[in-house]
Each structure stands twice: as C-alpha cells, then as structure tokens.
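Q: Build me a model from this:
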Amino acid sequence: MPALIRVGHKGAPALAPGNTLASFDAALAAGVDMIEFDVLLSREDSELHVAHDRGELARGGCPTLAQALAHMSAPRYAGVRLQLDVKSRDCEDRVLGALDGAGARSRAMISTAVSRTLVRFRVLAPDLKLAWTVPEIPGVTGTPLITPTLGHLYRDLLPRRAAARIEAGAIDALVAHWSMVTSELVDAIGAAGGEIYAWTVDDAAEIARLHALGVTGVITNDPRLFG
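A: Numbers count the residues shown, from 1 in each chain. Just a heads-up that it's a prediction; the model follows:
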C-alpha cells in the first residue's frame, strides 16, 4: 500500500492558530508532507491573505499569501507540498504571480469548489495540479452530512462525476469530505489516474480506515494523529 500523504489543515490548528506562520511551523515539526491553507482576497487592503473567511481575517495574524509562500520557501520546508484552497474568485492571475514570485509553483496544488476557478487555472497554468473540493453543497460540518437523503444521492453520483472530470483533464485530484469517501469513489479515482484526499479528519481510527481504502492523503487539524 502506498504511503499516506499527511496533510496539515491550515497548518496544525490543534497546536497553533490555523492559517498562521506559527501553525505552518507546527505542522512542519509534526512531519507533514503537505500543508493546506486558504487564500482569500481582502476587501480592506485588496491583498491576497491566508484566511478561510472574513471572520478569520478580522481576527488578525493571517499573513499575506506572499508572506506565507516566502516563509514556506525556506530550506527547512524543502519537499513539503502546498495545497492552496482558493476561496475568492477572479484572482487566479494573482495567485499564480505569488507562486512564481516564491518559486513555489512546482510544489503547489490548487483546490476549490468553484468550477469556474478551476477552468481558469487550467487555461492559465496547464502544468499546475488542480483539485476539486466536494461537496459543493451546504450542510457539511465535522460530522456526516446533515441531510442524509441528499448526501446519499450526491455520494452515489460522485465516483462517476469525479472520474469523468479527471479523464477529461479538467482536474487532477479530488478533495472530498471524509463522509463522501467510499471504496467505489477511491477505485473510480484510481482507475481514472487521479488522486484523492479526504478532509478534515481528526480521529486516528478514521485516518486508518481511509488509508486502508487507498486514499492518496488525509487532511487533519492535528498531524500528531498520523503517529
């Protein structure tokens, strides 16, 4: 079985506030293979920041994207991949400019639930790894889908939908909420030649289950759970 790619969600929020340089350092110290962080365009200064939402940005401590990439371009971060979860639309050129300015494009994977954003990135940067975040429907929290009927229908259709997008070259990977991950989904993604990452998993037993299913990687708030 291939080694599981260990991904720190917002760095390591269980150890330091998420989407901060301290959180990235904590994730690195915990031995992650990839660091996931959010990219949001601020209305206040028109800068791209590392923040999940306006509330997190208002909290303070969220670096700009350029600052975060510069920090994670230090030699000690060599070999650590970067997952940029892009929350704002129509900022693709600026994200690419920041990646290229830090020499980080080859280490990066862009993820988003917005299909238009993925299309734009594919046109601008055909070499960049792209991941579709699912589900793109409301009602997902840290527990299984709140609306079981809708959740089951979405989950049943997802293997075929995701595999078709990979085969068409629209995406390279799927970033799926853990409640969406089934053996059928993992098999379909693998057969299409893609990768699959499960988010956000803060239970060691669930991490082990997902690894046994064959997911590419698991995203967690607490990288210590990887053992």
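Q: Tell me where this protein has helices.
A: Taking DSSP state H as the test, the helices found in the chain are 21-29, 54-59, 65-71, 92-101, 115-124, 148-167, 183-192, 204-213.
Q: Mind putting those helices into a markdown table with mean neighbour count, distance to Leu225 and mean pLDDT?
A: No exception for glycine: its C-beta is placed from N, CA and C like everyone else's. Listed next are the helices of the chain as a markdown table, based on neighbours: other C-beta atoms under 10 Å; distance: least, C-beta to C-beta, whole Å; pLDDT from 0 to 100:
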| stretch | mean neighbour count | distance to Leu225 | mean pLDDT |
| --- | --- | --- | --- |
| helix 21-29 | 21 | 12 | 98 |
| helix 54-59 | 14 | 23 | 92 |
| helix 65-71 | 21 | 24 | 98 |
| helix 92-101 | 18 | 29 | 98 |
| helix 115-124 | 16 | 30 | 97 |
| helix 148-167 | 16 | 24 | 91 |
| helix 183-192 | 17 | 20 | 98 |
| helix 204-213 | 16 | 5 | 98 |
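Q: Of the ones you listed, which is nearest Leu15?
A: helix 21-29 (3.9 Å; C-beta to C-beta).
Q: Packing partners of the longest strand belonging to the chain?
A: Using DSSP state E, we find that the single longest strand of the chain is strand 34-41. On a contact count with 3 or more C-beta pairs under 8 Å, 6 or more residues apart in numbering; DSSP states H and E, strand 34-41 meets strand 5-9, helix 21-29, strand 48-49, helix 54-59, strand 81-86.
Q: can you put those in JSON lines and add distance to Ser179?
A: Listed next are these as JSON lines, based on distance: least, C-beta to C-beta, whole Å:
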{"stretch": "strand 5-9", "distance to Ser179": "16"}
{"stretch": "helix 21-29", "distance to Ser179": "24"}
{"stretch": "strand 48-49", "distance to Ser179": "29"}
{"stretch": "helix 54-59", "distance to Ser179": "24"}
{"stretch": "strand 81-86", "distance to Ser179": "18"}
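Q: Tell me who's in contact with Leu65.
A: By C-beta atoms under 8 Å, 6 or more residues apart in numbering, the residues touching Leu65 are 39, 47-50, 84, 95, 98.
Q: Swap in 7 Å and give it another go.
A: 39, 48-50, 98 (C-beta atoms under 7 Å, 6 or more residues apart in numbering).
Q: Met180 is in contact with Val134, isn't it?
A: Yes - between Met180 and Val134 there is a contact at 6.3 Å, judged by C-beta atoms under 7 Å.
Q: Need the overlap of contacts for these two.
A: Counting by C-beta under 7 Å, 6+ apart, the shared contacts of Met180 and Val134 are Leu158.
Q: Kindly reformat the helices of the chain as TSV and extend each row with distance to Asp222.
A: What follows is these, written out as TSV (distance: least, C-beta to C-beta, whole Å):
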stretch	distance to Asp222
helix 21-29	10
helix 54-59	18
helix 65-71	20
helix 92-101	27
helix 115-124	29
helix 148-167	25
helix 183-192	23
helix 204-213	9
